[in-house]
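Novice: okay, here's the prediction I keep looking at, along with the sequence it came from:
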Amino acid sequence: FISGKIKFGDGMEYEWFILKLLLRLSSKDCSLIISIFDTDGDFVLIEAAEVLPEWLEPETSKNRVFIHEGSIKIIPIDAKKD
């Protein structure tokens with residue numbers, strides 16, 4: 001388990017740069033499973049809101065969205081045992 005924290009203000013371009021780096025890193029090492037979020041929550045979901053499954057809401061997305069093998073993975077409700 002590795003954790004990091006970056007402070008850079010309101011610059012969304014920095015968040016996207018970090019996301020791009022993490023996507024590349026995860027494509028190089030398939031054993032990595034990465035979670036990324038900002039103070040507003042999971043910014044990947046916010047930006048992809050138009051293409052997400054109907055059931056995926058901020059209340060149902062906790063511990064379901066990850067970066068793995070160079071892409072964004074969403075664990076379906078049926079696949080996770082709470």
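Specialist: Arrived safely, thanks for sending.
Novice: show the backbone phi and psi for residue 71.
Specialist: phi -150, psi 170 (degrees, to the nearest 10).
Novice: which one is it nearest to, not counting chain neighbours?
Specialist: Leaving aside its sequence neighbours, residue 71 sits nearest to residue 23 (CB to CB, 6 or more residues apart in numbering; 7.2 Å). (Each C-beta comes from the backbone N, C-alpha and C, glycine too.)
Novice: hang on, the one you found in a helix?
Specialist: Yes. Using DSSP: H, G, I helix; E, B strand; the rest coil, the assignment for residue 23 is a helix.
Novice: got a list of what it touches?
Specialist: 67, 70-71 (CB atoms under 8 Å, 6 or more residues apart in numbering).
Novice: same question for residue 76.
Specialist: Contacts of residue 76 by CB under 8 Å, 6+ apart are residue 53.
Novice: most neighbours among the contacts of residue 23, which one?
Specialist: residue 67 (20 neighbours; other CB atoms under 10 Å).
Novice: so how far is residue 5 from the residue nearest to residue 71?
Specialist: 19 Å (CB to CB, to the nearest Å).
Novice: elements contacting the least confident helix or strand in the chain by mean pLDDT?
Specialist: Least confident helix or strand, the chain: helix 43-47 with a mean of 78, by mean pLDDT, DSSP states H and E. Judged by 3 or more CB pairs under 8 Å, 6 or more residues apart in numbering; DSSP states H and E, helix 43-47 is in contact with helix 12-28.
Novice: mind exporting the C-alpha coordinates of the helix it packs on to PDB?
Specialist: Output in PDB follows, covering the C-alpha atoms of helix 12-28 (Å, rounded to 0.1, in the frame of the first residue of the first chain):
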ATOM      1  CA  MET A  12      -7.600  20.500 -13.200                       C
ATOM      2  CA  GLU A  13      -4.900  20.100 -15.700                       C
ATOM      3  CA  TYR A  14      -2.600  18.800 -12.900                       C
ATOM      4  CA  GLU A  15      -5.200  16.200 -11.900                       C
ATOM      5  CA  TRP A  16      -5.400  15.000 -15.500                       C
ATOM      6  CA  PHE A  17      -1.600  14.900 -15.800                       C
ATOM      7  CA  ILE A  18      -1.400  12.700 -12.700                       C
ATOM      8  CA  LEU A  19      -4.200  10.500 -13.900                       C
ATOM      9  CA  LYS A  20      -2.400  10.000 -17.200                       C
ATOM     10  CA  LEU A  21       0.800   9.100 -15.400                       C
ATOM     11  CA  LEU A  22      -1.100   6.600 -13.200                       C
ATOM     12  CA  LEU A  23      -2.800   5.000 -16.200                       C
ATOM     13  CA  ARG A  24       0.600   4.500 -17.900                       C
ATOM     14  CA  LEU A  25       2.200   3.200 -14.700                       C
ATOM     15  CA  SER A  26      -0.700   0.700 -14.300                       C
ATOM     16  CA  SER A  27      -0.300  -0.500 -17.900                       C
ATOM     17  CA  LYS A  28       3.400  -1.300 -17.300                       C
END
